[in-house]
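Peer 1: fold the following, please.
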Amino acid sequence: PEGSTARYVAWANEMSEEELLFHRFRECTLLMPTWFMARGTFVRGGGFREEKCEDLLFLHAHVARGGSLHRVGGSPLVVYR
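Peer 2: Predicted coordinates:
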C-alpha cells in the first residue's frame, strides 16, 4: 500500500535496543543493508541460506546462539526517499 515502505523504515529506525530484540518475531528489526559484524559471527551463523527471509533466519539463529542486537547512535542508516 501507498506509504507502507516509509512507515516500515520509520518503525525500524525508531526502535529502542530493547525493542530490537522484543520485536524480532514480528519482522527483521535491523534492516539488512545496515548490518555489520565480525566475520567470525557471520561464519558461526552459517552465512545466509539461499531461501526466502534469509536475513530474518540469520538474525533468529544469531540471537538463539546468544548474539546481541545493537543500534549505532546518531542518524538513521537507512532513509526512505
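Peer 1: could I get the CA-only coordinates of the helix or strand harbouring Val9 as PDB?
Peer 2: Using DSSP states H and E, Val9 maps to helix 4-13. Output of helix 4-13 as PDB, limited to C-alpha atoms (Å, rounded to 0.1, in the frame of the first residue of the first chain):
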ATOM      1  CA  SER A   4       4.000   1.400   3.600                       C
ATOM      2  CA  THR A   5       7.700   1.400   2.900                       C
ATOM      3  CA  ALA A   6       8.200   4.800   4.600                       C
ATOM      4  CA  ARG A   7       6.200   3.600   7.600                       C
ATOM      5  CA  TYR A   8       8.300   0.400   7.800                       C
ATOM      6  CA  VAL A   9      11.600   2.300   7.700                       C
ATOM      7  CA  ALA A  10      10.300   4.800  10.300                       C
ATOM      8  CA  TRP A  11       9.200   1.900  12.600                       C
ATOM      9  CA  ALA A  12      12.600   0.200  12.200                       C
ATOM     10  CA  ASN A  13      14.600   3.400  12.800                       C
END
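Peer 1: residues of it that come out buried?
Peer 2: By neighbour count on 16 or more other CB atoms under 10 Å, the buried set for helix 4-13 is Val9, Ala12, Asn13. Yep, even glycine has a C-beta here, placed from its N, CA and C like the rest.
Peer 1: and that helix, average pLDDT?
Peer 2: What helix 4-13 shows for mean pLDDT is 84.
Peer 1: residues in contact with stretch 51-69?
Peer 2: 17, 20-21, 24, 27-30, 32, 41, 44-49 (CB atoms under 8 Å, 6 or more residues apart in numbering).
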